[in-house]
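A.B. asks: Fold the following.
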Amino acid sequence: MARVFGIIAEGPSDIAVIRNILTGYFSDPDLELTEIQPVKKQPSGEYEAGGWNQVLACCASDRLRGAFQYNEAVIIQIDTDVCEEKGYDVSKRGEKDKVVMPEELILRVEEKLSALIGTEVMEKFTDRILFAVCVDELECWLLPLYYTDRKKSKTTGCLSTLNQALGKKEDFTIDVNKKNHRYYEVISEPYRKKRKVLMAAAEQNASFKVFMDRLSARFEMP
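C.D. replies: This next block holds a predicted model:
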């Protein structure tokens, strides 16, 4: 029987990558991902509005609460690139105004998300909620597929760095204003096909590693 996970994410490109990661981890090509946010319009198949603000809104809504009835767990993905903006309100700074380490920033974002979800839901479903906080953006998780030098572990400017590699190795680049989720399916396909590639890549990026560590702590690798 295929595993079924729900996902709340900033956009369809993020969903595409998370789907390939989960498929590769579980070695389950039949794994299903229920798209809670954003969702596809019918009958056009286009996605409704996405973005970090929609992720936050969904966390505080009944859509999340109802998702546990049909899904083994719910993945909540969000980037940190604009986490200091009004409405997101998570500081990247620590003592002496220094940028905190990725692990600390992840904890701060998780506290924000948990507060929106609410104590009752968090206590009831804590083992079925898995945060995927991407420092600085999900594109950082893709760099180990294209770089072997220090760039593979970057946490800022990752889309630009990724596009530099795509321009040389693929027949496309990512438009920052209109991301094509099918490109992300192609880029992250190695994570779907080869678990060794997936696990090795996660070791190269701090927030990717945190997510994979949380995933393996909740769900034993088949």
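
A.B. asks: use CA for all of it now, contacts and neighbours both
C.D. replies: Fine.

A.B. asks: so who does the residue of the chain positioned farthest from its centre touch?
C.D. replies: Computed with Cα atoms, centre = their mean, the residue of the chain farthest from its C-alpha average is residue 96, at 29.8 Å. Residue 96 makes no contacts at all, as judged by Cα atoms under 8 Å, 6 or more residues apart in numbering.

A.B. asks: wait, residue 128 sits on residue 73?
C.D. replies: Yes - in terms of Cα atoms under 8 Å, residue 128 counts as a neighbour of residue 73; the distance is 4.3 Å.

A.B. asks: neighbour count winner among the two?
C.D. replies: The neighbour count for residue 128 versus residue 73, taken as other Cα atoms under 10 Å, is higher for residue 73 (21 against 17).

A.B. asks: What's opposite the more buried one in the beta bridge?
C.D. replies: Going by DSSP bridges, residue 73 is paired in beta bridges with residue 5.

A.B. asks: where in the protein is pLDDT low?
C.D. replies: Applying pLDDT under 70 to the chain flags no residue at all.

A.B. asks: try 90
C.D. replies: Low-confidence segments of the chain, defined by pLDDT under 90, are located at 1-2, 39-50, 95-96, 177-178, 220-222.

A.B. asks: all helices for it, in order.
C.D. replies: Along the chain, counting by DSSP state H, helices occupy 12-26, 52-59, 62-67, 102-117, 119-125, 158-169, 181-187, 189-193, 195-202, 206-218.

A.B. asks: Single out the most deeply packed of those.
C.D. replies: helix 12-26 (a mean of 23; mean count of other Cα atoms under 10 Å).

A.B. asks: Please tell me how far that helix is from the chain's geometric centre.
C.D. replies: 9 Å (Cα atoms, centre = their mean, to the nearest Å).

A.B. asks: Going by contacts, tell me the helices and strands next to that helix.
C.D. replies: helix 181-187, helix 189-193, helix 195-202 (3 or more Cα pairs under 8 Å, 6 or more residues apart in numbering; DSSP states H and E).

A.B. asks: Kindly reformat these as a markdown table and extend each row with distance to residue 48.
C.D. replies: Converted to a markdown table, the helices and strands packed on helix 12-26 look like this (distance: least, Cα to Cα, whole Å):
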| stretch | distance to residue 48 |
| --- | --- |
| helix 181-187 | 14 |
| helix 189-193 | 24 |
| helix 195-202 | 30 |
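
A.B. asks: Which one of those helices lies nearest to residue 221?
C.D. replies: Judged by Cα to Cα, the one of the helices and strands packed on helix 12-26 that comes nearest to residue 221 is helix 195-202, at 10.1 Å.

A.B. asks: Residues touching the closest one, excluding its own?
C.D. replies: 21, 24-25, 27, 141, 144-145, 190-192, 208-209, 212.
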